[in-house]
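J.: Here is a sequence together with a model predicted from it:
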Amino acid sequence: MSIQVRAVRKRFGAFTALDDVSVDVPTGGLTALLGPSGGGKSTLLRVIAGLETPDGGEVLIDGLPATHLPVRERDVGFVFQHYAAFKHLTVYRNVAFGLEIRRRPAGEIRDRVGELLRLVRLEQFADRLPAQLSGGQRQRMALARALAVEPRVLLLDEPFGALDAQVRKELREWLRRLHDEVRVTTVFVTHDQEEALEVADEIVVVNQGRVEQTGPPDELYDRPATEFVMRFLGPTTRLGDALVRPHDIDVRLDGVGVPGRVDRLSRVGFEVRAHVDCDGQQVMVTLDRTRAAALDLAPGRAVSLVATSIGDPARPGTTRPISAGTGASGAAEFHP
Ligand SMILES: Nc1ncnc2c1ncn2[C@@H]1O[C@H](COP(=O)(O)OP(=O)(O)OP(=O)(O)O)[C@@H](O)[C@H]1O
């Protein structure tokens, strides 16, 4: 089921939470709403769900007007950050709940719940109570429960937000695989750019109530439309006036480019980070350790730096340097 959000506005008193927001969610896609805290992601998700009515604009579900359609008629499944399970019911009964209240035949419920517990890898925990599960297992139960009634859309608001980094990482790989298997149109909210880049087919960057850019992860990373998007999606550094990714700078010894001197080197696994002083400007460059060794980089070494730029067909996919002053003016500084 596809979802279209057209020019939606939402105010809370004098505060504009969504300002002329348009988003297309394709059928069967996995779309991330990504942005900083307070940017309007949850409000947008709630408008899609029917939990908030927009002040202007419209929502179309499968091409039909749905702006004023009640939540229960939208066929959506939800999972929130802190999932409220029925504490006194087993995992099995929690997942079966939606089917039981719809009075589905016992055999059908058994088959469906069995299938879902397998999908979320909780078969062996069917008889436990929610309190006897880890946080990650509870969120997987929440997803199984949301999927039980076969919603046409799955809406996830920071579903892994309360979990620690390692579990989050596992769950996002798992979410990707689950989605590939069930293919239900899914929209999930996250403020974690790595989560969005790794999991989503399409990312909508939401900031200060507006959509900054929409596109597949690679496109946003390699061709950010604004300085805000560029900063939000990955590390950046300035070289002269240009804002570039640290791995899109060539370190040279032939004097071509901006002259500088290596200040400091640090190794992080396979990556070497070089801090280069270019006439007072600190430029950060990342390169792999093979390249760093070939250049014989060491503090004090004279080098020169060249930003590799997009639009050069010899180097497809590299980031175009964004000149100072372009893009979202006044966008908050953000260093993931
Ligand atoms: N019911 C409400 N009444 C008043 N203000 C609200 C209400 N809901 C949200 N807001 C405000 O709207 C803005 C956007 O909130 P929203 O929850 O959509 O942001 P978000 O991008 O999801 O942020 P977070 O990641 O912190 O949840 C915030 O400034 C918030 O305080």
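T.: Now that the structure is in, tell me what you want to look at.

J.: Around the ligand, which positions in this protein sit nearby?
T.: Contact residues (CB under 6 Å from any ligand atom) of the chain with the ligand: 12, 15, 17, 35, 37-43, 191. For every residue, glycine as well, the C-beta is placed using N, CA and C.

J.: Next, count neighbours for the residue in the stretch 51-200 of the chain that the ligand sits nearest to.
T.: Residue nearest to the ligand within the stretch 51-200 of the chain: residue 191 (5.0 Å; CB to the nearest ligand atom). Look at residue 191: counted by other CB atoms under 10 Å, it has 19 neighbours.

J.: Kindly report the same for residue 253.
T.: Neighbours of residue 253 under the rule other CB under 10 Å: 13.

J.: for residue 114, same thing?
T.: 14.

J.: Could you dump the residues of the chain next to the ligand into TSV and include secondary structure?
T.: Listed next are the residues of the chain next to the ligand as TSV, based on DSSP: H, G, I helix; E, B strand; the rest coil:
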residue	secondary structure
12	strand
15	strand
17	strand
35	coil
37	coil
38	coil
39	coil
40	coil
41	helix
42	helix
43	helix
191	coil
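
J.: Before we move on, what's the pLDDT of the closest residue to residue 271 other than its chain neighbours?
T.: In space, residue 271 comes closest to residue 286 once its chain neighbours are excluded; the distance is 5.4 Å by CB to CB, 6 or more residues apart in numbering. Residue 286 is assigned 95 on the pLDDT scale.

J.: which residue does the stretch 201-336 of the chain bring closest to the ligand?
T.: For the stretch 201-336 of the chain, CB to the nearest ligand atom, closest residue to the ligand: residue 206, 6.3 Å.

J.: Excluding sequence neighbours, find me the nearest residue to that residue.
T.: Per CB to CB, 6+ apart, closest to residue 206 is residue 35, 3.9 Å.

J.: Same question for residue 281.
T.: In this structure, residue 281 finds its nearest non-sequential neighbour in residue 238, 6.7 Å apart by CB to CB, 6+ apart.

J.: returning to that earlier point: what about the residue nearest to residue 206, how many residues nearby?
T.: Residue 35: 29 neighbours (other CB under 10 Å).

J.: The closest residue to residue 254 other than its chain neighbours bridge partners, please.
T.: In this structure, residue 254 finds its nearest non-sequential neighbour in residue 304, 7.3 Å apart by CB to CB, 6+ apart. Beta-bridge partners for residue 304, by DSSP bridges, are residue 252, residue 259.

J.: May I ask which of the residues of the chain next to the ligand has the most neighbours?
T.: Neighbour counts for the residues of the chain next to the ligand, by other CB under 10 Å, peak at residue 35, which reaches 29 neighbours.

J.: Check whether that residue really touches residue 42, as I assumed.
T.: No: with contact defined as CB atoms under 8 Å, residue 35 does not count as touching residue 42 (10.2 Å).

J.: phi, psi of residue 170?
T.: The phi and psi values for residue 170, taken as degrees, to the nearest 10, are phi -60, psi -40.

J.: gap between residue 170 and residue 201?
T.: 20 Å (CB to CB, to the nearest Å).

J.: Tell me which of these two has more neighbours.
T.: Higher neighbour count among residue 170 and residue 201: residue 201, with 16 against 13, using other CB under 10 Å.

J.: ok, now which ones touch that one?
T.: Residues in contact with residue 201 (CB atoms under 8 Å, 6 or more residues apart in numbering) are 29-31, 216.

J.: Buried subset of those residues, written for PyMOL?
T.: A single PyMOL command suffices to select whichever of those are buried according to 16 or more other CB atoms under 10 Å:
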select buried, resi 29+30+31
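
J.: which one of the contacts of residue 201 is nearest residue 2?
T.: residue 29 (8.5 Å; CB to CB).

J.: what are the phi and psi angles of that closest one?
T.: Per-residue torsions, residue 29: phi -80, psi 160 (degrees, to the nearest 10).

J.: what do you get for the one 4 residues further on?
T.: Recorded main-chain torsions at residue 33 are phi -100, psi 110, according to degrees, to the nearest 10.

J.: pretty sure it is touching residue 191, no?
T.: No: the pair residue 33 / residue 191 is not scored as a contact, 9.6 Å apart, by CB under 8 Å.

J.: if I look at those two, which residues touch both of them?
T.: residue 41.

J.: coming back round to it: and the contacts of residue 201, which is closest to residue 195?
T.: Closest to residue 195, out of all of the contacts of residue 201 and judged by CB to CB, is residue 30, at 11.6 Å.

J.: contacting residues around the closest one?
T.: Residue 30 neighbours (CB under 8 Å, 6+ apart): 176, 179, 186, 188, 199-202.

J.: So residue 95: helix, strand or coil?
T.: Secondary structure, three-state DSSP: residue 95 is helix.

J.: With residue 220 instead?
T.: Recorded secondary structure, residue 220: helix (three-state DSSP).
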